[in-house]
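> this one's structure only:
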Ligand code: ADP
Ligand code: PRP
Ligand code: MG
């Protein structure tokens with residue numbers, strides 16, 4: 001019998017794009033993931049299980065080997081920042097950009113910049129590379145509110161259509177990184193479970209090609 005294999009899916013926005021891609025790859029959950037309260041699902045493949053969790057938790061499951069493969073946004077992977085993970089495939093779904101943004105036409109202070117974000121590590125690294133002194137203020141969502149309320153001068157957040165920025169009187173400033181969701185594996189699993197993981201990567205890669 002083929003060894004069991006678990007794929008960790010990110011719920012929320014990424015799941016909407018993941019389910020059609022899995023279907024294209026011939027992997028069908030045994031029940032409707034979006035309608036169920038369950039967090040673990042059998043599939044039409046006896047050896048493949050899917051688990052569903054918050055996007056930020058996917059790298060943790062994969063790094064510690066609790067899942068063999070994961071699907072996570074590049075933003076989350078940059079923030080998680082582990083050398084033990086690799087990205088065997090760009091799934092080209094949930095595409096957006098990690099950017100800095102500020103109130104429209106606002107001038108930035110000369111001294112320390114207050115930056116609100118949930119991407120604390122990404123922001124620290126980015127502003128350090130720019131040689132800019134910053135105070136990072138950790139938030140968990142709705143970053144666009146921070147400059148309006150004078151909590152911060154700038155934010156680091158995801159931008160897609162730009163509608164959220166515009167609706168709140170902000171503008172995008174600099175691109176930090178383009179974002180799409182990636183298939184992620186641990187370097188250890190890529191070696192030890194290569195025979196199980198490689199066929200899934202190939203199925204998914206063919207599905208990505210067909211969706212282009
Ligand atoms: P969270 O509650 O963690 O913000 P989301 O359901 O918003 O969860 O999805 C988070 C992931 O989806 C991000 O890591 C990113 O890769 C992607 N994403 C977030 N916002 C957008 C967006 N506006 N457009 C496209 N992809 C997005
Ligand atoms: C995400 C992101 C931005 C918005 C960008 O928020 O944090 O606020 O989408 O998309 P847009 O450029 O198309 O407007 P989300 O809706 O996921 O809310 P959250 O703060 O709960 O993550
Ligand atoms: Mg979100």
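That came through, no problem. This structure is a prediction, so every number in the text was calculated from the model and none was measured. Ligands and ions are numbered 1, 2, ... in the order given.
> contacts for stretch 11-23, please.
With contacts defined as Cβ atoms under 8 Å, 6 or more residues apart in numbering, stretch 11-23 is touched by 9-10, 28-29, 33-34, 50, 52-55, 71-73, 91, 93-94, 181, 204, 207-208, 211. All C-beta atoms are positioned from the backbone trio N, CA, C, and that covers glycine.
> can you rerun that using 6 Å?
Under the contact criterion Cβ atoms under 6 Å, 6 or more residues apart in numbering, stretch 11-23 has outside partners 9, 52, 71, 93-94, 181, 207.
> low pLDDT regions in the chain?
Where the chain drops to pLDDT under 70, the residues are 1.
> mind checking the longest helix of it?
Ordering each helix of the chain by length in residues (DSSP state H) puts helix 194-211 first.
> buried residues, that one. List them.
Across helix 194-211, burial judged by 16 or more other Cβ atoms under 10 Å covers 196-197, 200-201, 203-205, 207-208.
> pretty sure residue 103 sits against residue 147.
Yes - if you go by Cβ atoms under 6 Å, residue 103 and residue 147 touch, sitting 4.9 Å apart.
> who does the residue nearest the centre of the chain bridge with?
Among the residues of the chain, residue 73 comes closest to the average C-alpha position under Cα atoms, centre = their mean, at 1.8 Å. Listed beta-bridge partners, residue 73: residue 181 (assigned using DSSP bridges).
> residue 140: how many residues sit nearby?
Here the number of neighbours of residue 140 (other Cβ atoms under 10 Å) works out to 7.
> from ligand 2, how far off is residue 153?
If you measure residue 153 against ligand 2 using Cβ to the nearest ligand atom, to the nearest Å, the figure is 18 Å.
> nope, residue 152 is what I meant
If you measure residue 152 against ligand 2 using Cβ to the nearest ligand atom, the figure is 14 Å.
> which residues touch that residue?
The neighbours of residue 152, taking Cβ under 6 Å, 6+ apart as the test, are 114-116, 137, 146.
> correct me, but residue 172 touches residue 99?
Yes - using Cβ under 6 Å, residue 172 makes contact with residue 99 at a distance of 4.9 Å.
> reformat the contacts of residue 152 as a markdown table; add neighbour count.
Putting the contacts of residue 152 into a markdown table (neighbours: other Cβ atoms under 10 Å) gives the following:
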| residue | neighbour count |
| --- | --- |
| 114 | 18 |
| 115 | 26 |
| 116 | 24 |
| 137 | 16 |
| 146 | 21 |
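> so residue 101 sits right up against residue 169, yeah?
No - under the criterion of Cβ under 6 Å, residue 101 lies out of contact with residue 169, with a separation of 10.6 Å.
> those two: which is more packed in?
Set side by side, residue 101 and residue 169 show unequal neighbour counts under other Cβ under 10 Å, the larger going to residue 101 at 22 against 13.
> could you see whether ligand 2 lies near the helix or strand where that one lies?
Counting by DSSP states H and E, the element that carries residue 101 is strand 96-103. No - using Cβ under 6 Å from any ligand atom, we find that strand 96-103 stays clear of ligand 2, coming within 6.6 Å at best.
> neighbouring contacts of the helix or strand just after that strand?
Counting by DSSP H and E, the next helix or strand C-terminal to strand 96-103 is strand 113-117. The set of residues external to strand 113-117 that reach it, using Cβ under 6 Å, 6+ apart, is 123, 134-137, 139, 143, 146, 151-156.
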